[in-house]
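Trainee: Can you look at this prediction? I've put the sequence above it.
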Amino acid sequence: MDTTSNTKKMALIATKGTLDWAYPPFILASTAAALDYEVSVFFTFYGLQLLRKDLNLKISPLGNPGMPMPMGMDKWFPVAGTALPGMEAMMTSMMKSKMKKKGVASVEELREICIESGVKLIGCQMTIDLFDLSPDDFIDGIDYGGASTFFEFAGESDVSLFI
């Protein structure tokens, strides 16, 4: 990847660790890399889950009023009902099924595309320490650092996004 001063840079901060919030940082990062941007993504707090070897991402309709509900449920099923046991598993299964039918790449596939494209994925060291995690919990090919590590790159970026 060209790292001259003419190279555009994009910095992303990923803070969410659910299935629906896993897609934006990886889609934006891989797209920017394909457009010859130099890209770094800083995964902090719950976003750090997106770098784990064992992804067990779920989707929660609770507190997500913009989520389209299947079978017109948004018209007849109360929002509080989404907190019922089993709803999270059902919604996660339905979302994964819909994505597969529509040919949407999996989070793992998008993550691998990012790595292959030279996107720098940075796990927040403070969060790793806070949650008693270790490098063994995470995929190969990522970097570790604190906010100051990320700010060195973000301060020079043309595009900075918080997700």
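Mentor: Looks like it arrived, so ask away. Numbering: from 1, shown residues only.
Trainee: Skipping adjacent residues, who's closest to the residue nearest the centre of the chain in space?
Mentor: In the chain, the residue lying closest to the centroid (C-alpha atoms, centre = their mean) is residue 22, at 3.1 Å. Excluding the flanking residues, the one nearest residue 22 by C-beta to C-beta, 6 or more residues apart in numbering is residue 107, at 4.5 Å. Where you see a C-beta, it was placed from the backbone N, CA and C, and this is true even at glycine.
Trainee: for that neighbour, phi and psi?
Mentor: For residue 107, the backbone dihedrals are phi -60, psi -40 (criterion: degrees, to the nearest 10).
Trainee: my guess is it meets residue 24, correct?
Mentor: No. Counting by C-beta atoms under 8 Å, residue 107 does not reach residue 24; the two are 11.0 Å apart.
Trainee: can you pull out the helices in the chain?
Mentor: 19-34, 73-76, 87-101, 107-116, 125-130, 147-154 (DSSP state H).
Trainee: Now render those as JSON lines, adding mean pLDDT.
Mentor: Listed next are the helices of the chain as JSON lines, based on pLDDT from 0 to 100:
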{"stretch": "helix 19-34", "mean pLDDT": "96"}
{"stretch": "helix 73-76", "mean pLDDT": "55"}
{"stretch": "helix 87-101", "mean pLDDT": "80"}
{"stretch": "helix 107-116", "mean pLDDT": "96"}
{"stretch": "helix 125-130", "mean pLDDT": "96"}
{"stretch": "helix 147-154", "mean pLDDT": "91"}
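Trainee: That's all I had, so thanks and see you.
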